[in-house]
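In: Return atomic coordinates for the entry below.
(one chain, ligands or ions: 2)
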Amino acid sequence: MAKTKTVFFCQNCGAQYAKWQGQCTSCKEWNTIAEEVVQKAEKNDWKSASSSKTGKTAKPLRISEIDTSQEARYNTDDTELNRVLGGGLVPGSLTLLGGEPGIGKSTLLLQISLQLPYKTLYVSGEESQKQIKMRAERIHSKTDNCLILTETKTQNIFRQIEATAPDIVIIDSIQTLHSDYIESSAGSISQIRECTTELIKFAKETATPVLLIGHITKDGNIAGPKILEHMVDTVLRFEGDRNHVYRILRALKNRFGSTSELGIYEMQGSGLREVNNPSEILISKKDEELSGTAIASTLEGMRPLMIEIQALVSTAVYGTPQRSATGYNLKRLNMILAVLEKRAGFRLGAKDVFLNITGGISVDDPAIDLAVVTAILSSNEDIPIPKDYCFAAEVGLAGEIRPVTKVDQRIQEAEKLGFSTIFVSKYNKISLQNTKINVQLVTKIEDVVAHLFG
Ligand code: TYD
Ligand code: MG
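Out: Ligands and ions are numbered 1, 2, ... in the order given. Alright, predicted model coming up:
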């Protein structure tokens, strides 16, 4: 007979305790520990399990014997999502999509279910069927294969799945589900774990891909136990600034593809639009040349991306000069300012410096350093940089211009977008030949200064 037992879980990080305490010793959050009733299964050691007659047992196979022919992926009809997933949805896989409230998770998945040629079951525990219909009316729908179910109990969901036999199942959101086998409330650690286990079992047994929407906590992690991320095959995050129209889809974990790919969308009045050529949107199109802007050739995953860096340098009004950076690491900005001061002789110590990466994205590719340096100097000298120049190099502490990875791809992208000159480090090995673009090789900040402002 099953025995009930209560356990205390930290609702922030999922740590487990035998008794209540005020602060979680694992994540140091206060007041996050709550009691949950967990149903303890009968004790079962592996020997008694092996002798039991119930259930299918899997047999070990040689790698060469394993059949992969059914692993053809489901094309989601969305090139950005396909790329981030590594080529489409894998049958029997669990994909978790996390993101801040209002960022567009429900919109993205509803939009995909409305354009797929497959039969999808969209289970919502957050919105009523009417609300979903209203949302669907804003989005252009190509097909009518999507079934909408508003339900939160997993047992009922499985009953409907059996009745309708969908090709793809979408759950909005995992935090609203609850299973009869666990007594604690929906969204608690043990419920999330149980419901995910049931869904994994369903997905693996029927080879149906399941997409889960997950809420995130205030520090950006997916709410619920950390183990949730281990259980699923793929973890995606939908991010962006709610005040900007651009959204970025990133893979944090992917058992079937790379995690360095990136999808870019634009939130419009009629749903999300795929942005297939991101460089165009990230560079503002203006006719006059303004001082303080420089274009960097960066890489997001395998994809080269041209971004615009804007800097504003002005004499500090108050005693302490201000330094602020949006989309760029502030510590790195301070380092670059120190290098400019010490190695290149620019007096920036008493100046306010503001740095911004346009489009609301944040970049940690060191190859944008040189563009940051030139944007700052351009603003300081009030001399614009020609708008068909771009930069791809890291700046070292000695003021040296350092090589970057995949320089050929960066040069190609710049050439494709019509730039006339790209500045890269002399130490980069460039294997490209016959480029139309002028590749300017530099070794020191002084070389660049001489070229641009000399
Ligand atoms: P939603 O998908 O509900 O976010 P989440 O599920 O991540 O909480 O996104 C809702 C936001 O998107 C809301 O602020 C309105 C906006 N939106 C549009 O701008 N255009 C649209 O076509 C739709 C459906 C939503
Ligand atoms: Mg939602």
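
In: for the chain, which spans come out with low pLDDT?
Out: Low-confidence segments of the chain (pLDDT under 70): 1-4, 39-56, 68-71, 218-220, 223-225, 242-243, 280-287.

In: For it, just list every one of the helices.
Out: With helices called from DSSP state H, the chain shows them at 46-51, 79-85, 105-115, 129-138, 154-164, 189-206, 227-231, 278-282, 330-343, 369-381, 407-416, 445-453.

In: As CSV, these with distance to Glu239 would be great.
Out: No exception for glycine: its C-beta is placed from N, CA and C like everyone else's. CSV is the format used below for the helices of the chain (distance: least, C-beta to C-beta, whole Å):
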stretch, distance to Glu239
helix 46-51, 42
helix 79-85, 12
helix 105-115, 11
helix 129-138, 21
helix 154-164, 28
helix 189-206, 21
helix 227-231, 16
helix 278-282, 15
helix 330-343, 19
helix 369-381, 22
helix 407-416, 23
helix 445-453, 33
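
In: Among the ones you listed, single out whichever gets nearest to Ser314.
Out: Across the helices of the chain, Ser314 has its closest neighbour in helix 369-381 (8.2 Å, C-beta to C-beta).

In: who does the closest one touch, helix- and strand-wise?
Out: strand 293-300, strand 303-315, helix 330-343, strand 351-357, strand 389-392, strand 394-395, helix 445-453 (3 or more C-beta pairs under 8 Å, 6 or more residues apart in numbering; DSSP states H and E).

In: partners of the residue most central in space within the chain in the sheet?
Out: Nearest residue to the geometric centre of the chain (C-alpha atoms, centre = their mean): Arg250, 2.5 Å. Residues in a beta bridge with Arg250, per DSSP bridges, are Arg237, Leu262.

In: residues touching it, list them.
Out: Going by C-beta atoms under 8 Å, 6 or more residues apart in numbering, Arg250 touches Val84, Leu236, Arg237, Glu239, Thr259, Leu262, Gly263.

In: same deal with Tyr427?
Out: Contacts were defined as C-beta under 8 Å, 6+ apart; by that measure Tyr427 touches Arg402, Pro403, Thr443.

In: go on, Thr76?
Out: Asn82, Leu85, Gly88, Leu89, Ile112, Leu116.

In: and of the helices of the chain, who's closest to Ile216?
Out: helix 105-115 (9.9 Å).

In: May I have that closest one as CSV, with CA atoms only?
Out: Taking Å, rounded to 0.1, in the frame of the first residue of the first chain, the C-alpha atoms of helix 105-115 are listed here in CSV:
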residue,chain,number,x,y,z
LYS,A,105,5.8,32.3,-25.8
SER,A,106,2.2,31.4,-26.2
THR,A,107,2.1,33.5,-29.4
LEU,A,108,5.1,31.7,-30.9
LEU,A,109,3.8,28.2,-30.2
LEU,A,110,0.2,29.0,-31.2
GLN,A,111,1.5,30.5,-34.4
ILE,A,112,3.5,27.4,-35.2
SER,A,113,0.5,25.1,-34.5
LEU,A,114,-1.6,27.2,-36.8
GLN,A,115,0.8,26.8,-39.7
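
In: quick check, distance from it to the centre of its chain.
Out: Per C-alpha atoms, centre = their mean, to the nearest Å, the displacement of helix 105-115 from the mean C-alpha position of its chain is 17 Å.

In: Hey, what's the angle from that helix to helix 129-138? Just curious.
Out: With axes from the mean of the first three to the mean of the last three C-alpha atoms, to 10 degrees as the basis, helix 105-115 and helix 129-138 are set at 70 degrees to each other.

In: Widest-spaced pair of the contacts of Arg250?
Out: So, these by C-beta to C-beta: farthest apart are Glu239 and Thr259, at 14.2 Å.

In: Those two - which one has more neighbours?
Out: Glu239 (19 against 16; other C-beta atoms under 10 Å).

In: Find the residue closest to the residue in the stretch 251-400 of the chain that ligand 1 sits nearest to in space, skipping its chain neighbours.
Out: Residue nearest to ligand 1 within the stretch 251-400 of the chain: Gly271 (4.2 Å; C-beta to the nearest ligand atom). Closest residue in space to Gly271, ignoring its immediate chain neighbours: Ile139 at 3.8 Å, by C-beta to C-beta, 6 or more residues apart in numbering.

In: Gly86 versus that neighbour, what's the distance?
Out: Going from Ile139 to Gly86 by C-beta to C-beta, to the nearest Å gives 25 Å.

In: what does Gly125 give?
Out: Look at Gly125 and Gly86: by C-beta to C-beta, they are 28 Å apart.

In: With Ala251 instead?
Out: Ala251 is 8 Å from Gly86, by C-beta to C-beta.

In: now Lys19
Out: Distance of Lys19 to Gly86, computed by C-beta to C-beta: 44 Å.

In: ditto for Ile430
Out: Ile430 sits 29 Å away from Gly86, taking C-beta to C-beta as the criterion.

In: Same question for Ala393.
Out: When distance is defined by C-beta to C-beta, Ala393 is 30 Å away from Gly86.

In: More neighbours: the two, which one.
Out: Using other C-beta under 10 Å as the criterion, Ala393 and Gly86 rank with Ala393 on top: 32 against 18.

In: If we ignore the residues flanking it in sequence, what's nearest that one?
Out: Of all residues beyond its chain neighbours, the one nearest Ala393 is Leu370 (4.1 Å), with distances taken as C-beta to C-beta, 6+ apart.

In: so the one you found makes contact with Arg410?
Out: No: judged on C-beta atoms under 8 Å, Leu370 makes no contact with Arg410 at a distance of 11.5 Å.

In: Give me the common contacts of those two.
Out: With C-beta under 8 Å, 6+ apart as the test, Leu370 and Arg410 both reach Ala392.

In: Show me which residues of this protein sit near ligand 1.
Out: Selection of the chain residues close to ligand 1 by C-beta under 6 Å from any ligand atom yields 99, 101-107, 135, 138-139, 267, 269-271.
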